[in-house]
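Student: Quick one, fold the following:
(4 chains)
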4 protein chains.
Amino acid sequence: MVNVAIIGYGYWGPNLVRNFLSSDSSRVTMVADARQERLDLVTRPYPSIKTTQQPADVFKSSEVDAVVIATPVFSHFDLAQQALKAGKHVLIEKPMTSSVKEADDLIKLAKEKKKALMVDHTFLYTGSVKKMKELIEQDVIGKVNYFDSVRINLGLFQPDINVLWDLAPHDLSILRYLIQEEPYSVNATGVSHTNNGIENVAYMTVNYKSGIIAHFTCSWSSPVKIRMMLVGGDKKMIVFNDIEPSEKIKIYDTGYSVRTDLEKQRILVDYRVGDVHIPKVEMQEALQGVARDFISAIVNDTTPVSDYKMGREVVKLLEAAQHSIKNRGKEVIL
Amino acid sequence: MVNVAIIGYGYWGPNLVRNFLSSDSSRVTMVADARQERLDLVTRPYPSIKTTQQPADVFKSSEVDAVVIATPVFSHFDLAQQALKAGKHVLIEKPMTSSVKEADDLIKLAKEKKKALMVDHTFLYTGSVKKMKELIEQDVIGKVNYFDSVRINLGLFQPDINVLWDLAPHDLSILRYLIQEEPYSVNATGVSHTNNGIENVAYMTVNYKSGIIAHFTCSWSSPVKIRMMLVGGDKKMIVFNDIEPSEKIKIYDTGYSVRTDLEKQRILVDYRVGDVHIPKVEMQEALQGVARDFISAIVNDTTPVSDYKMGREVVKLLEAAQHSIKNRGKEVIL
Amino acid sequence: MVNVAIIGYGYWGPNLVRNFLSSDSSRVTMVADARQERLDLVTRPYPSIKTTQQPADVFKSSEVDAVVIATPVFSHFDLAQQALKAGKHVLIEKPMTSSVKEADDLIKLAKEKKKALMVDHTFLYTGSVKKMKELIEQDVIGKVNYFDSVRINLGLFQPDINVLWDLAPHDLSILRYLIQEEPYSVNATGVSHTNNGIENVAYMTVNYKSGIIAHFTCSWSSPVKIRMMLVGGDKKMIVFNDIEPSEKIKIYDTGYSVRTDLEKQRILVDYRVGDVHIPKVEMQEALQGVARDFISAIVNDTTPVSDYKMGREVVKLLEAAQHSIKNRGKEVIL
Amino acid sequence: MVNVAIIGYGYWGPNLVRNFLSSDSSRVTMVADARQERLDLVTRPYPSIKTTQQPADVFKSSEVDAVVIATPVFSHFDLAQQALKAGKHVLIEKPMTSSVKEADDLIKLAKEKKKALMVDHTFLYTGSVKKMKELIEQDVIGKVNYFDSVRINLGLFQPDINVLWDLAPHDLSILRYLIQEEPYSVNATGVSHTNNGIENVAYMTVNYKSGIIAHFTCSWSSPVKIRMMLVGGDKKMIVFNDIEPSEKIKIYDTGYSVRTDLEKQRILVDYRVGDVHIPKVEMQEALQGVARDFISAIVNDTTPVSDYKMGREVVKLLEAAQHSIKNRGKEVIL
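Tutor: Numbering: from 1, shown residues only, chains lettered A, B, ... in the order given. As a prediction, this is how the structure comes out:
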């Protein structure tokens, strides 16, 4: 039985509590949050969970084996470091840290302390992403040519990180999970409409040596909520529309092939539009998979799907994107 | 009565014939196309229209007052030049030419010859775009902050121009029509999956001094057809979904306002999500408006909505985008 | 070469002209309509087609082999009878006639005169309906259990026939085409909101001995346009959404099976929700198929898919529905 | 503080517990369910709630003031009767009882015992239905002409009640809430594909003296989930699409008016298609409103929106529909 504490009881907090509670292998012993009114929301339904406004209480508690850090990004490094130093296993909400340097330091510390260190890229545990992974691994869609993701909605403007750091970690983790090739470089553009230099609309291109292109549209300023991803292979193409209540993944038996017209000295492109297939996708709550993977990493020393390498890679891409935006869209080699 | 000839009877040809035929002020006297099988499609329903495989026949015909050029882009300049020199009025399909230089030369020639020179940016004549123009001019949506357009589908790969030159002219003309401020610079990224250096997936950002950002996603390689545009103002926001058979324009009474939290020394953003309004939009065929504007330019010497300046501005943005792509996304100042 | 005349140049008229013109085996020689302004719309683009306000001119013309009757329903019988008597082949717009009696009389006359008599149930020639037919014939969906159709929109209120006679012929012809079993009885309810006794909202159930149930929702008073059909088999189920620009047909690998729980003396139902498949569907204009089938019936004496039997069966169901509505929903045995 | 017990911890049970727990005026003291594995799901997160497999324990407990009955329909009457006799206030899940007779008996008993008796027609507490009520009361849509509801999905087949008893209570309660006129009669058709005489597909028309028509499509056998309601007024029309995550209610400024063409002695109908308005709708969880209304009925003796009269009226319509189905669609006068 792993005793779990949660630091930060914001939007995601109740989901974390519920999922670690509903597992046979874990229980939730403590929740920390600076805001007493948030702690009250823990106590009413779950009188047995201890609450505190001081993270330090968590670190020194003997009733806590593992800590979930669900606070603003800027505090991730410091809290995770303290937790590891106190001998706790750590699960950090995405993005892992504010810089690659911080990520590297945490990884080093976790290795020294022989503690589990994991990042909650929840999407990697959804039925939809698992299905896409399977379709790529089984070569159903062929060689991937492009990846295009749109994640836009109204709010919540973050005071400390821009819209890419807030929204793109989902899509970047999916990109890194689905495509094995190392990305080569990043371009990004964006703008702040809030006079604080924090971009609320941003676009990011990830370039690959092999010709794959990945693009990300992120916005806190869209009146409509869109969560759509296209993955184009040379055999088939996938559309992942996460707004759909069911039928989230569609596989298009659609493609084009290139041949050379020798006479006219030019390239001809043949199209193929075929059937569409909507596979049944596992509907289990993704966060259950995260909890299970974290507990297994603690108990069995297994490597989670969303491990610290994934967490670090995502931060690396975000860092490069931010650098590109500040340099007017200039390519940043990774 | 204006006698119109059409050069190039491809996909758009039948629409051009039908619209110039159905006007009381024009008739179609001649159609030219190198392909005899295309000309047969003219003769069967319209035996009174003359056909030819030689554009020269059009230019020298006394039964032709005005020429519509609906051929591949690389031939626009040469054909338009010949037509103007032969004393014909000219309507060119978008994009106007392959370069700003060519556009400038045509504009100069048209002025010398005192002939109408117009570019067919059809979208400017749709009820949807007119409605958006009206909403901006009447200050319904307030100061525009961003413009985001996605225009993707499968094919048709063009052998001579990339996907931006093919698809973006629609959206760039709308951008230039709706927003009066001069764009400042362009970034673009893209990739060719056909080994001929012609990008089939491309992304383009247009930057403005005032902080407006405009972004364009264009692809010939998407399994799904999307035509969606967001225009975000500081009062309201517009979603234009051109795939919808009706209800194409939605106005969201949605916004955010920024205030400074002096105590915490940071920016706070307040959201507002309100009602949505779907205005009734004029449903007339846009090409009728183009034909009417062209005939009026000829007969009354009026300036069309989609005039040569618009045509030139769109080419200028495309040229800059192409330059940026070839320079790995580098900002190109306009 | 079959010389075709069209009587009635309303909404459907231009489509009829275009399709009979574009065939190699037919031409359009004459169009009749009582309204001169409608005839003007023929002459402008097609100066070679003769026009008249008198149907009698059509019947006596030696340049007319076949007549398409596209007038209001109440006039179908009289015009078709005259045409057949004059030795013309006849294609009637749906619904065939105002009563089964009239349909029977026309069928008898056509047999005597040895002329083709066909009804334009255009939907039977769409790629979507052909695909559904194929799916049923190849036993993909198994035994059909139900058929549910919704066809609603705003207007056009007809002055002489109710909404079932106006809209349901499409769906009833599809029902009769897809399901071989003879329908057993009809119930229908409806209401008129126009004080003229002509129902503008109506519902119709067709009952079968085997337990199939078919239901039809028809309305001229809906603010939204819906064209949706469900066909439920015991193996799979089909959703036909005709509003979709593509992806009109979806096949759900979904079903339920019934078993008896002996212990508890009750029926248990097991569900199965599986993948969804969207087959590619032929996109050819349906009216081309109608024209081809009509010409072949004339030239080769073949039986059209939408033959007079189909036309009569649809009228029979409509007659029964009307009888049921007038008798407060009472079951009418066919 | 009202002490609440819940009998029946099925699909709806956790929602009931959560909502009565989160109120300041109530707590959940006991949950009864025959299935121990369901009770285990109570104890883990909520160790303070007592559980039992015997409803009798609930009735005799001094820690229970009010009972929520969330069991299969056939048991509602018996359990509610026992609860009332034991002096408990009662909230019953919809539909209230299996017959009007049972409903009447419970109402009589509740009056005698001076206890609150309420039925959980949750939909009446949704922002969408409240908004529709408001639009009708403020005469925005004018005189209601029709009401059309489609509620279809796959499963869950109920072993004891047909699909109308299972699904239609939602829509019938909304009908009765929105329209003040007493319904006049009912027609219904349906079919059972499970050999147990329990209809899994059924259609129901409710007729009104004034010419309003209401129609209900219910199915457990649809591969797609649809929850759509149209309410047509003579001024405007409402579409309520409950599948939409937001934008559930659309108001169409659409209508038709009837005038008499004296010359031609017939009715002419003029259409109007205008703008569409999507009002912002309160997003609060509906069950919170139910809980609040129930507690207020207990504490303040107020009449709930979803009172026993509503419960009885819905059962009355269901009884009539069942009678009509068994009599082959015959009209049943209410």
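Student: what's around the residue in the stretch 101-250 of chain A positioned nearest to chain C, how many residues?
Tutor: Closest to chain C within the stretch 101-250 of chain A is residue A:247: 6.3 Å, counting by C-beta to the nearest C-beta. C-betas here are computed from N, CA, C, even on glycine. Per other C-beta atoms under 10 Å in any protein chain shown, the neighbour tally for residue A:247 reads 16.
Student: what do you get for residue A:322?
Tutor: 22.
Student: What's the separation between it and residue B:186?
Tutor: Separation of residue A:322 from residue B:186 (C-beta to C-beta, to the nearest Å): 21 Å.
Student: hang on, residue A:110 in a helix?
Tutor: Yes. Assessed by DSSP: H, G, I helix; E, B strand; the rest coil, residue A:110 belongs to a helix.
Student: And it, how far from chain D?
Tutor: 31 Å (C-beta to the nearest C-beta, to the nearest Å).
Student: ok, that residue to residue A:128 distance?
Tutor: According to C-beta to C-beta, residue A:110 and residue A:128 sit 30 Å apart.
Student: cool, residue A:173 as well?
Tutor: Counting by C-beta to C-beta, the separation of residue A:173 from residue A:128 is 13 Å.
Student: can you give me the helices for the stretch 151-300 of chain A?
Tutor: For the stretch 151-300 of chain A, the helices defined by DSSP state H, counting those that start in this stretch occupy A:163-178, A:286-300.
Student: could those go into CSV alongside mean neighbour count, distance to chain C and mean pLDDT?
Tutor: Listed next are the helices of the stretch 151-300 of chain A as CSV, based on neighbours: other C-beta atoms under 10 Å in any protein chain shown; distance: least, C-beta to the nearest C-beta, whole Å; pLDDT from 0 to 100:
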stretch, mean neighbour count, distance to chain C, mean pLDDT
helix A:163-178, 24, 21, 97
helix A:286-300, 20, 20, 96
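Student: Surely the residue of the stretch 101-250 of chain A closest to chain C and residue C:276 touch.
Tutor: Yes. Counting by C-beta atoms under 8 Å, residue C:276 is a contact partner of residue A:247 at 6.3 Å.
Student: Show me which residues of chain A sit near chain C.
Tutor: Counting by C-beta under 8 Å from any C-beta of the partner chain, the residues of chain A close to chain C are A:247, A:250, A:273, A:274, A:275, A:276, A:277, A:278, A:279, A:280.
Student: Please put the alpha-carbon coordinates of stretch A:1-8 into CSV.
Tutor: Below are the C-alpha coordinates for stretch A:1-8, written out as CSV (Å, rounded to 0.1, in the frame of the first residue of the first chain):
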residue,chain,number,x,y,z
MET,A,1,0.0,0.0,0.0
VAL,A,2,1.6,3.3,-1.1
ASN,A,3,0.7,6.4,0.9
VAL,A,4,0.3,9.3,-1.4
ALA,A,5,0.2,13.0,-0.7
ILE,A,6,-0.9,15.7,-3.1
ILE,A,7,0.5,19.2,-3.1
GLY,A,8,-1.7,21.6,-4.9
